[in-house]
Structures are given as structure tokens and as C-alpha cells.
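Participant: Sequence plus predicted model, see below.
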Amino acid sequence: MNKPIYMDYNATSPIRPAVIDIVSKTMAEVGNPSSVHAAGRKARSIVEESRAKVAALTGARPRDIMFCSGGTEAGNTVIKGSGAKSLIVSAIEHDCVRAPAKAAEAAGLPVFKLSVGESGTVSLEALRNLLKIAPAPALVAVMYANNEMGAVQPIAAISEIAKEFGALVYSDAVQAAGKLPIDVMALGTNYLTLSAHKIGGPQGIGAIVLSPTAPLQPHVVGGGQELGRRSGTENVAGIAGFGEAAMEALVQLGDVERLKRFRDRLEDELRQHANDLVVIGEGAERLVNTSCIAIPDVKGETQVMHFDLAGICVSSGAACSSGKVKVSHVLDAMGYDASIANSSIRVSLGYGTNEADIDAFIGAWKKLYDRTAGR
Amino acid sequence: MVKTPIYLDCQATTPLDGLVLDAMLPYLTDHFGNPHSSTHSFGWRAEGALDAAREQVSKVIVASSDEIYFTSGASETNNMVIKGVMELWGKKRPKLVTVATEHKCVLESAFYCAAHGYQLEVLPVEANGILDLDRISDAVDDQTALISVMAVNNEIGVIQPLEEIGKIAKAKGALFHSDAAQAFGKIPLDMDALKLDFLSISGHKIYGPKGVGALYKRAGRSTAMAPFFSGGGQENGIRSGTQAPALVAGLGKAAEIADNELDCEANRTYALANRFKKVLFEGLDGLLFNGDENKRWPGNLNLSFPGIDGDLLLANIRELAVSSGAACASAVSGPSYVLQAIGRSEAEAKSSLRIGFGRFTTEEEVDFAAAKLVYAVSELGGIKP
């Protein structure tokens, strides 16, 4: 049997070969970066070199990069640790932002939901209205690009409005990294979070990119690593892999045209075949690699199973919740009812995707459509 | 001739076992999937790595695999247990009891709880570094939600009487947690026999990778805790976030090896430590041994060289990678609080070294290190008690 075709890059990306080399090489080195002997200092220098690389990906100063175990820890840490007096959270955030926001609300913090339009983009006017009523300083949490349907959010404009009200801005850039240029100075964020395994790095490592003045209460306390912001022995090999992946992600920005061509061809051909195709977030600027598509009234699980049999890996939503049967909060927020929301799949492309993969997907999709739709 | 520098800092971190790296590599390469992707085989493969590692880890501590939760390391696990238990149970039972010689991440988590309105009692230890049972028995009452006592101390290696503390905890209805970062895979730990409800485990202290650890959490409602990271609901909802199958597979393999080698490695380490001690104590009058001489993990030796400046001594033994205390960013300067807790003066604490032997330490290395250390101390004018 042929190797399965992987089209689920938003869940996790295959690790890039250069990253694997660096991770396994670093694994073989002993040394705790906090130790003062030569082995420790070597480990420390690996951590600091990688910090500079992640800083380069985001336009930040190296000292403003805080490593942690991944995007979820990063999101939890920002939501719990900014010290803001209220939260304004977009309706389409990842669960790692929504869940701690909900917990904060239960503990008494005012939390406001920032709605999105049907294209999946937040409304700046709604933001302004919320900022008028939210106790200051508020923390505004809007992801840079959505993981399920790819809508890109106007972060720079959001920051500009937020600054008028003295609010802090947090953007989850886990999906945007490597697909959109990130410059924290231009975006104006106080917190921006990253995950290595979404950009061809290893799982188990991520970062918060802080602005020089951003307040942050540590979530993991102890030995005082990461300038006291995150205790625990650093995952040196993971950090080394993250640094390498960050460099590759910068290079990958040159590959977005290719991915966009693939994605657009895929959607165009499906549209030509089926006039009831729904492309979620079609009206928004979207990540070039992401396509969230629905065949009305054909269950997402049925579609995913069909693709699995055809040797194509796609998902029916975010990976963390893909085991559960519930309507996506993202599609719900965009106003789709269950007949569409439960009938959508997510196709996400990446550096390993080629023309033949797209052909295979289109072929399999048409077969599925002809067998199931309109009955 | 031995190759230098000689790594003798196995409490800070251990070298990765080659077998562990072999177990990890498939999950960095072909089986790269997100273990929570339930819709395709890449996800299932990766999830399989988590299941296998849960088995391997649980076996070491005689627990059930569904009582193991993976984290980014022992610091996270300790934060998670202490804050998560107090957050959930602290309203009914507001008291937290721990010990002065705990790792920073336990103490800082405890201080966090105290700052959030819970009662905290930090117990002193005896001169041998071990907790007095009457003292803990007096401290724990029906208002105590949680007792946290580490199994093996990271600085001085002493083993706390967990079995007896477990009995006290149960008698008073308190939950019992132990930070076993330095003990897991080194000394036998049986969760039922020790009556432990929570145990913290680290990968990189047992020749596994950094960035991964585990929590043992006894099954049942009485051990419920608030989640530390919330989000996608992974790890049964108490620890959200995409798991790292490569790291977890590494922890599992490291646990399996440690379990298989437990007795043999303990004996070997004991012999190495004795060999080293003999040269040191014969060569240096006035040398002080920190912590109980018998109730200890032999791979940890902590010695005070009164009259010798620890940093200067370190600078004179560049061939040896040893430490003057815990490898934590905040502990780099200043005398060890653990040594002060066992009654060492500030000057004595500053004159101390921690020497850690491990799986890959050889007799030749031990002989070289011992001779080098005796020579360096003599060169610096010798011990002045």
C-alpha cells in the first residue's frame, strides 16, 4: 500500500529532516542549562541560540521569548498571568484560551465575548464597544489565524484600538507562524504564542513572545528558569528543534504561493463539481494552506472515514476535540447551523504537499460527493 | 586515562540512554502524528506511544496505567498537584503541610497557595535531613488537605520515611503527594504500600529526555484536582495540550530500563559511592558528610569542606562536572537552603559540593575524581574546621 497522504498540517506537521537531526544530536548531549560547569554552559548556549532564532521569526528581542511546553501552556499562562481586570475573548479562540478564560470568569473576572461575522473575522466596532464597558485594563485575546477554517484576524488594527483604552493584546499565532509574516512590533501585541510542532518542529515545546513591558505572573513556579517566568529544566533538545524550525518557517514564507495555488485549485475544482459546496470563511482573508469545506447533510465523520479508506488524512475539526461529537464553536460563532457545521472537514496543507496529493484528494472527494450528496 | 570532563552531576540531569533515543526516533520521523487526531492512522500510531508508555511508567510504581498522566516535567507536576489540589479541596480543608528541604518548585507552589489564603506549614528536618514523624503527626490535622514530602532529596540524597507518613496522612484523611523526581526508577516505590495519592516523575533524571514528566494520580473521586492547563481536554481533562509522543516514548523506555536495572544499579552505585568516600575521608580531615549516611540514594554525595570556598574549589576542579547545589536559575548564588535546614552554617553551606554518580559512571572516573578533589582541596590550603 502507498504511504498515506497527510493533509492535516494544522493538527501537527511532520518534523522537518533538519530538525530531526538537531533534536537527536542535542539529545545525545548531557547538561542542565542551569548548571555552571561546561556541560551546563553548552546546554545554555544551545537554548540561547535557539531563543535568538525564535526571536528572529517574530521580530522580537531574544529576552522577550519565554519557552514553555507548547501552545496550550502558553495560552493558559497568558490568560491567567496578565493581571488584566477583564478579558475580551474572540468567539473563535482555541480551547486553550477559551477554557482558562471560562475558569477566570468562574473565579469572578469579567469576561466578554468578541463576536465574529459570517466570514469568521472579528468586528472592530464590536471590539471598541466592549472596550468601553470592560474594566480596564482589559486583555484582548484574538488569534492571528484560526485553526479550523483559517480566517486571518486584523491584529494590528485590534492593537491600535486596544491601545486607545490602555488594554493589553494577546494573539495566539500558533497557526499563523510560517504562513504569515510575524512582526510583533508591527502587530502591536503584548503577548503572542507559538507552538513548534505546527511549524515542522517537535511536539512538547512552544513559546510566549512578550512585549518589553508586558506583565506576566508565572504559571509554573520553582527554580526560576526563563527569567523567573517559567520554572522547570528547559527541554534543551526541543528548544534546539524549535529554533531550527523557526528558521525553516521563515524560509517557508516563500512557499505560500505554491500552497495557495494548491488550495485554490482544490476548492475551484470541487466548486465546479458541486454547486452546493460550502467553503467556510470564504469571504475572509484565510491561511493559504487551510480549507474547511462542507457537503451539506453528509456527516463529517462519514467523510473523514471515506478519506481514510482512500489513504488521505484529513480531520473533522480541531485535533484535540476530534474525538468528541459536538458542534464546532468556531462554525457556530460564524452562524452555521448543525447541517453545515457537522458536515465539514478540514484540509490543511504543508511543506510536503505536492500536486499529486491535490489530485488524489479531488478525485476522492468527487467520488464521495457523487455517492452521498443530494440524497 | 579517563576522558575529562567527567560528568558527576546526575541530580541536575542525566545523559540520555542510547536505547531511549532509539525508542524516541520513530516518533520524530515516520510516526509524527498528533496523538489526539482521532480521524487517521498517524494519530492512532502516536496515541499508541502514549498508551505503551503509560504501561511502562505505571509498572515501576505498581500502579495502574490509567493513573498516569504525562506532563512537561516534575516542576509542572509539582505545581499542578499542589495548586490543583488546594484549589479544589482547600475550601473544606485549608491546610497544606510540606517540608523545608523540598525542591524549589514545591516550596514556591506552596508559597503561592499561602498567598492565596490557604494555611501553610513548612516543617523543619532533623540534622540528618530526615523528617521527624512526631512533628508531622502533630502538624497534620483534619483541616489538612495535602501533605507533600519528597522521596529523595535533590541536594543531599536522603530518603524520607514515606510509608510512615502515608499512614499519618490516611489516619487524618489528608491527601499525600511526593516529589519523586530523584527517586523514581532508583528506589522501589509502591503506591499502595506507601499510601500515596500523587507522585511526581521526571524523565531527564532517569536517562530519559528533558521536557517530559508524569503525574501518578490515584484513581477515584477523592483525588480530583483542578486542571493546571485547560483547553483541548487531553489527559482526561486535567492536563490539556498536545502530548509529545517522542518525549513520552522516551520516558516510557527510560522507566522500563530503570525498573529492570533497579537492584543492580543501586548496588553498583553504592559501591562507587563507597569507593569515592573512602578516598575522600582518608585524604581529608574535617570533611563533613551532609545528610543521613544510610537512609539515602547512594548516587548523591553532598560534602562540606569547611574553610574552602566552594566556588573557588569548583574553579580548581574543571575536569569534574559537579555542582555546588541545585541546578536552578534562582539557586545559582547564595548558600543552599537545604544545607542550612540541616544545621550547616552559611560558610559551611558555601563550602559544599554535590557529587552525583550514575549509570554510566565508571570506577576509573570515580578514582580520578576522588584523587583530583583531595589534591585540589589540599592545594587550597586544606580543610580548616
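Facilitator: Everything's here; your move.

Participant: Show me where chain B has its strands.
Facilitator: B:6-7, B:68-71, B:95-99, B:119-123, B:144-148, B:175-179, B:198-202, B:213-217, B:288-289, B:300-304, B:320-321, B:352-356 (DSSP state E).

Participant: nearest to chain A, of these?
Facilitator: With Cβ to the nearest Cβ as the criterion, chain A lies closest to strand B:320-321 of the strands of chain B, at 4.0 Å. For the C-beta atoms, the positions are set from N, CA and C on the backbone; glycine is no exception.

Participant: any idea how far A:Asp359 lies from chain B?
Facilitator: Noted for A:Asp359: a distance of 19 Å to chain B, by Cβ to the nearest Cβ, to the nearest Å.

Participant: Look up the pLDDT of that residue for me, please.
Facilitator: A:Asp359 is assigned 98 on the pLDDT scale.

Participant: and what of A:Ser322?
Facilitator: On the pLDDT scale, A:Ser322 is placed at 50.

Participant: can you put the strands of chain B in TSV and add mean pLDDT and distance to chain A?
Facilitator: As requested, those are arranged in TSV below (pLDDT from 0 to 100; distance: least, Cβ to the nearest Cβ, whole Å):
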stretch	mean pLDDT	distance to chain A
strand B:6-7	96	6
strand B:68-71	98	8
strand B:95-99	98	13
strand B:119-123	98	14
strand B:144-148	98	13
strand B:175-179	98	10
strand B:198-202	98	8
strand B:213-217	98	9
strand B:288-289	97	22
strand B:300-304	97	15
strand B:320-321	96	4
strand B:352-356	95	11
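
Participant: Out of those, which gets nearest to A:Ala28?
Facilitator: Taking Cβ to Cβ, strand B:6-7 is the member of the strands of chain B nearest to A:Ala28, at 12.8 Å.

Participant: burial count for residue 48?
Facilitator: I went with chain A, as the question did not name one. Number of residues near A:Glu48 (other Cβ atoms under 10 Å in any protein chain shown) recorded here: 15.

Participant: actually it's chain B I care about, not the one you picked
Facilitator: Residues lying near B:Gly48 (other Cβ under 10 Å) number 16.

Participant: Equivalent analysis for B:Leu50, please.
Facilitator: Neighbours of B:Leu50 (other Cβ under 10 Å): 21.

Participant: Would you confirm that it contacts B:Ala244?
Facilitator: No. If you go by Cβ atoms under 8 Å, B:Leu50 and B:Ala244 don't touch, sitting 9.5 Å apart.

Participant: Show me the helices in the stretch 251-385 of chain B, by range?
Facilitator: Along the stretch 251-385 of chain B, the stretches classed as helices by DSSP state H, counting those that start in this stretch are B:310-316, B:337-341, B:346-350, B:363-379.

Participant: Kindly apply the preceding question to the stretch 101-250 of chain A instead.
Facilitator: Taking DSSP H, counting those that start in this stretch to define them, one finds helices in the stretch 101-250 of chain A at A:124-133, A:155-164, A:184-187, A:236-252.

Participant: tell me the average confidence for the last one?
Facilitator: This points to helix A:236-252. Mean per-residue pLDDT for helix A:236-252: 96.

Participant: How about that helix, which residues are buried there?
Facilitator: By neighbour count on 16 or more other Cβ atoms under 10 Å in any protein chain shown, the buried set for helix A:236-252 is A:236-250, A:252.

Participant: still on that earlier bit, between B:Leu50 and B:Ala244, what contacts are shared?
Facilitator: Shared contacts of B:Leu50 and B:Ala244, defined by Cβ atoms under 8 Å, 6 or more residues apart in numbering or on different chains, are absent.

Participant: and the closest residue in space to B:Ala376 that isn't next to it in sequence, how far is that from B:Gln143?
Facilitator: Closest residue to B:Ala376 apart from its sequence neighbours, by Cβ to Cβ, 6 or more residues apart in numbering or on different chains: B:Asn316 at 4.4 Å. To B:Gln143, B:Asn316 is 52 Å away according to Cβ to Cβ, to the nearest Å.

Participant: likewise A:Gln175?
Facilitator: For A:Gln175, the distance to B:Gln143 - Cβ to Cβ - is 47 Å.

Participant: Then A:Arg346?
Facilitator: Distance from A:Arg346 to B:Gln143, by Cβ to Cβ: 50 Å.

Participant: Who has more neighbours out of B:Asn316 and B:Gln143?
Facilitator: Neighbours per residue (other Cβ under 10 Å) separate B:Asn316 from B:Gln143, with B:Asn316 holding more: 18 against 14.

Participant: what sits against that one?
Facilitator: B:Ala376, B:Glu379, B:Leu380.

Participant: likewise B:Pro188?
Facilitator: Contacts of B:Pro188 (Cβ under 8 Å, 6+ apart): B:Leu262.

Participant: now do B:Asp179
Facilitator: Counting by Cβ under 8 Å, 6+ apart, B:Asp179 touches B:Ala74, B:Thr77, B:Asn78, B:Glu102, B:His103, B:Cys105, B:Val106, B:Ser148, B:Met150, B:Ala151, B:Ser200.

Participant: returning to that earlier point: could you redo the strands of chain B as TSV and give each row distance to A:Phe307?
Facilitator: Listed next are those as TSV, based on distance: least, Cβ to Cβ, whole Å:
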stretch	distance to A:Phe307
strand B:6-7	50
strand B:68-71	29
strand B:95-99	51
strand B:119-123	54
strand B:144-148	48
strand B:175-179	45
strand B:198-202	38
strand B:213-217	34
strand B:288-289	65
strand B:300-304	54
strand B:320-321	52
strand B:352-356	52
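
Participant: out of those strands, nearest to B:Ser336?
Facilitator: Among the strands of chain B, strand B:352-356 comes nearest to B:Ser336, with 6.7 Å by Cβ to Cβ.

Participant: Low-confidence stretches in the chain?
Facilitator: Because you didn't say which chain, this covers chain A. Applying pLDDT under 70 to chain A flags the ranges A:1-2, A:317-325, A:374-375.

Participant: not quite, I wanted chain B
Facilitator: Within chain B, the stretches with pLDDT under 70 are B:326-333.

Participant: Show me the domain layout of it.
Facilitator: Taking automatic domain parsing as the domain assignment, the ranges for chain B are B:6-15+B:262-379, B:18-256.

Participant: What number of residues are in the vicinity of residue 172?
Facilitator: Using chain A here. The local packing of A:Asp172 (other Cβ under 10 Å) involves 28 other residues.

Participant: Correction: the question concerned chain B.
Facilitator: B:Lys172 has 17 neighbouring residues, counting by other Cβ under 10 Å.

Participant: quick one: contacts for it?
Facilitator: B:Val140, B:Asp141, B:Asp142, B:Thr144.

Participant: ok, of those, which one's closest to B:Leu28?
Facilitator: Nearest to B:Leu28 among the contacts of B:Lys172, with distances taken as Cβ to Cβ, is B:Thr144, at 44.2 Å.
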